[in-house]
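Let me see the structure of the following:
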Amino acid sequence: MRIAAALLGMSLAACSPQPAVKAGTVPDLDGSFEFAVLEIVTDSGKRLEFDVYLAKDANQHRRGLMFVREMPDNTGMLFVYDSDDIRSMWMKNTFISLDMVFARSDGTVASVIANTTPRSLRSNRSTEPVGYVLELNAGTASRFGIGEGSRLVREGE
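Here you go, the predicted model:
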């Protein structure tokens, strides 16, 4: 089963646009993206939870975290694609450094690019076809041991 179906099925009823103010969210994004809880199991078996904005369509993919100037530590954005492909992202209008976690359609992490350069035109590419890109604050992947062997999972899996 594609993790997209699992992720979107995990709490779609609870994934509605957020009110203008909610602790732990990014005000610039509220109302533009659905919001969900994403669980990551590291290769050491540690379970982590992150509040994520879901970028599911082309307009949301283009917008991403552009113009966001700060993001809570446990927050990120999950880009969900309909099919696996080489994914490439730049940081042109992104003001915060990010870790980009590239995951296959089954949720397993293929690669991580750590500490991207804000406002850069450099292409940050996956090493193989992936169906998901998770953007977290820079340093988060290293701090929590998120890397190859980690897995994005639905709640309760």
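
C-alpha only now, for contacts and for neighbours.
Noted.

nearest spatial neighbour of residue 117, skipping sequence neighbours?
Distances taken as Cα to Cα, 6 or more residues apart in numbering place residue 97 nearest to residue 117, at 5.7 Å, with adjacent residues excluded.

Just confirm that neighbour contacts residue 120, I think it does.
No: using Cα atoms under 8 Å, residue 97 is not in contact with residue 120, being 10.1 Å away.

Could you pull up the residues touching residue 37?
Neighbouring residues of residue 37 by Cα atoms under 8 Å, 6 or more residues apart in numbering: 11, 49, 50, 51, 52.

out of residue 97 and residue 120, which sits in the more crowded spot?
More crowded of residue 97 and residue 120, by other Cα atoms under 10 Å: residue 97, with 20 against 14.

Torsion angles phi and psi at that one?
Backbone torsions of residue 97, given as degrees, to the nearest 10, read phi -70, psi 140.

What helices and strands are in contact with the lengthiest strand in the chain?
Identified as the longest strand of the chain according to DSSP state E is strand 75-85. Packing partners of strand 75-85 (3 or more Cα pairs under 8 Å, 6 or more residues apart in numbering; DSSP states H and E): strand 47-55, strand 130-137.

which parts of that strand are buried?
By neighbour count on 16 or more other Cα atoms under 10 Å, the buried set for strand 75-85 is 75, 76, 77, 78, 79, 80, 81, 85.
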